[in-house]
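J.: sequence unavailable; structure follows:
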């Protein structure tokens, strides 16, 4: 998302920065609850936000957003419908907080910002579709190895039970998987 600024003139970037609402959130802060309508979008400057859903009384982690990533319940924010997910800070975090009103004001002041936002949303959507397809067609071991390769920071930042849920396995299965990989590495 920061790369989107490259498409803007320096004075346009300054205007956006000057109008940004930067807030600090403590670990455990709930940004959005299931059933709420999302009226805000966020961008992670520092920290970690977890997205999860409650399925049969159990939390199922669906995403982790860290530095440089946009965060929102896109469906709820754009269609003004109740969110199916929770967004919770997994660490003390510093986020920019945006609203539709602020977005509209910035687009009115920077007319080409709307197309820059559209391109970024399309990029995030495409990445999400690809991640979903990879998840559906991979084994838990392949998923874990992908996290190790693409998002190794999550291994240190996310509790094991949340990471296991994100991978679609139990914490016990994750423990066995890690042991198996260590054994494989040693031989």
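T.: Ah, there it is. These numbers were taken from a predicted model, which means no experiment stands behind them.
J.: show me the chain divided up by domain.
T.: As given by automatic domain parsing, the domain ranges for the chain are 2-127, 138-187.
J.: just for the chain, where's the confidence low?
T.: Scanning the chain for pLDDT under 70 picks out 1-5.
J.: show me where it has its strands.
T.: Counting by DSSP state E, the segments of the chain that form strands are 22-25, 30-32, 41-46, 48-55, 58-66, 70-71, 86-89, 93-98.
J.: for those, which one sits closest to residue 122?
T.: For residue 122, the closest of these is strand 70-71, at 12.7 Å, according to C-beta to C-beta. Just so you know, the C-beta spots here come from the backbone N, C-alpha and C atoms, and that holds for glycine as well.
J.: circling back: what's the closest of the strands of the chain to residue 156?
T.: Closest to residue 156 of these, according to C-beta to C-beta: strand 48-55, at 10.6 Å.
J.: any idea of the angle the closest one forms with strand 41-46?
T.: 130 degrees (axes from the mean of the first three to the mean of the last three C-alpha atoms, to 10 degrees).
J.: quickly run through the sheet partners of strand 48-55, with directions.
T.: Strand 48-55 pairs in its sheet with strand 58-66 (antiparallel), strand 86-89 (antiparallel), by DSSP bridges.
J.: so that strand versus strand 93-98, what angle?
T.: Strand 48-55 runs at 80 degrees relative to strand 93-98, counting by the same axes, to 10 degrees.
J.: contact partners of strand 48-55?
T.: If you take C-beta atoms under 8 Å, 6 or more residues apart in numbering as the criterion, strand 48-55 is touched by 31, 34, 42, 59-66, 71, 73, 84-91, 93, 95, 157-158, 162, 165.
J.: cool, thanks, talk later.
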